[in-house]
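J.: got a predicted structure here, sequence first:
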Amino acid sequence: MLRSLADRLFITLQYLIPQRWLSERMYQLARIEWRPLKTLIIRQFARHYQIDMQLAQQPDLDAYPHFNAFFTRAIRPEVRPLDPDPAAILCPVDGAISQIGTITEDQIIQAKGRDYSVTSLLALAPGELHPFAGGRFATIYLSPRDYHRIHMPLDGRLDQMIHVPGQLFSVNAVTAAGVPNLFARNERLICRFETAAGPIALILVGAIFVGGIETVWAGEVTPPHAGGEPQRWDYEVDEQCIRLERGAELGRFNLGSTVIMLLPPGRAEWDAGLSVGERVQLGQRLGICLAPSESGG
């Protein structure tokens, strides 16, 4: 009962606090280069979350110019080897599976007893079609201690990017269970690719204190955490088009958040045995492509 009351208070507080203002202040704090302060923040964070710096390309905490550089640190490629099967769908991040399964009648499971629609997640107009009905989805939560760069699950050609302004609720399990349509109401960046499994989407969901979402092709997309309508970029299919190899970096977060991957029906399957709460790592196999796409990247 006490835990339930604490959870309700935690969720209520998130409705009341100035989410954007706090996230923008955190963004500024994470980039302070004054040595005494940035060193204190980095060392306390690394100690509290027991960060294994032996995985990092730069293991020296003092070498990072500010907290954000430390938080978005690169890791050594050999510590996250890619599954060698070219048909394998790679895990795009280090994290934990929040939910995984089949998209049923446009619905994705957010938490037990709570669903939301793919249409709202992708910021589509009512009646606008998408290729993911009956397909597969995976929601992966990145905790503060995780590696925070996002990588490609397959070779892909970038078709579209949409930035959707929104709220900045926490994306942890308590909030996912208590806030309706959480991932479809939070600020997010939708990246759609053509791949060997057909069209796929990777949705980078912002959260409280997540002061930056960026991609390798567009740079920093947010902040500012502004309101207004979604912004959409469509990419030409020509010799200049943007192609990324499987395992290549796609983008990154500042502080923890969530990545949602959508796959079309009949083109891919998750491996048996993947379960909610399971820890996963960048490069490991999550599933397999069932057939090549004629227009694949």
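T.: Yep, it's here. Residues are numbered from 1 along each chain as shown.
J.: what mean pLDDT would you report for stretch 282-297?
T.: Averaged over stretch 282-297, pLDDT sits at 74.
J.: could you do stretch 188-207 as well?
T.: 95.
J.: which of the residues in that stretch are buried?
T.: 188-207 (16 or more other CB atoms under 10 Å). Where you see a C-beta, it was placed from the backbone N, CA and C, and this is true even at glycine.
J.: and it, C-alpha only, in PDB?
T.: Extracted C-alpha coordinates of stretch 188-207, given in PDB (Å, rounded to 0.1, in the frame of the first residue of the first chain):
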ATOM      1  CA  ARG A 188      10.100  11.900 -29.600                       C
ATOM      2  CA  LEU A 189      12.100  11.500 -32.800                       C
ATOM      3  CA  ILE A 190      10.700   9.000 -35.300                       C
ATOM      4  CA  CYS A 191      13.300   7.600 -37.800                       C
ATOM      5  CA  ARG A 192      11.900   5.400 -40.600                       C
ATOM      6  CA  PHE A 193      14.200   3.300 -42.800                       C
ATOM      7  CA  GLU A 194      13.900   0.800 -45.700                       C
ATOM      8  CA  THR A 195      15.700  -2.400 -44.900                       C
ATOM      9  CA  ALA A 196      16.000  -6.100 -45.800                       C
ATOM     10  CA  ALA A 197      13.000  -6.600 -43.500                       C
ATOM     11  CA  GLY A 198      11.000  -3.900 -45.400                       C
ATOM     12  CA  PRO A 199      10.100  -0.600 -43.700                       C
ATOM     13  CA  ILE A 200      11.100  -0.300 -40.100                       C
ATOM     14  CA  ALA A 201      10.800   2.600 -37.500                       C
ATOM     15  CA  LEU A 202      13.100   3.500 -34.600                       C
ATOM     16  CA  ILE A 203      11.400   5.900 -32.200                       C
ATOM     17  CA  LEU A 204      13.700   7.700 -29.800                       C
ATOM     18  CA  VAL A 205      11.500   8.800 -26.900                       C
ATOM     19  CA  GLY A 206      12.500  11.800 -24.700                       C
ATOM     20  CA  ALA A 207      11.900  12.000 -21.000                       C
END
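J.: please compute how far that stretch lies from its chain's middle.
T.: 9 Å (CA atoms, centre = their mean, to the nearest Å).
J.: now stretch 53-61
T.: 23 Å.
J.: now do the end-to-end distance for that stretch.
T.: 8 Å (CA to CA, to the nearest Å).
J.: buried stuff in that stretch?
T.: Those would be Leu55, Ala56, Leu61, for stretch 53-61 by 16+ other CB under 10 Å.
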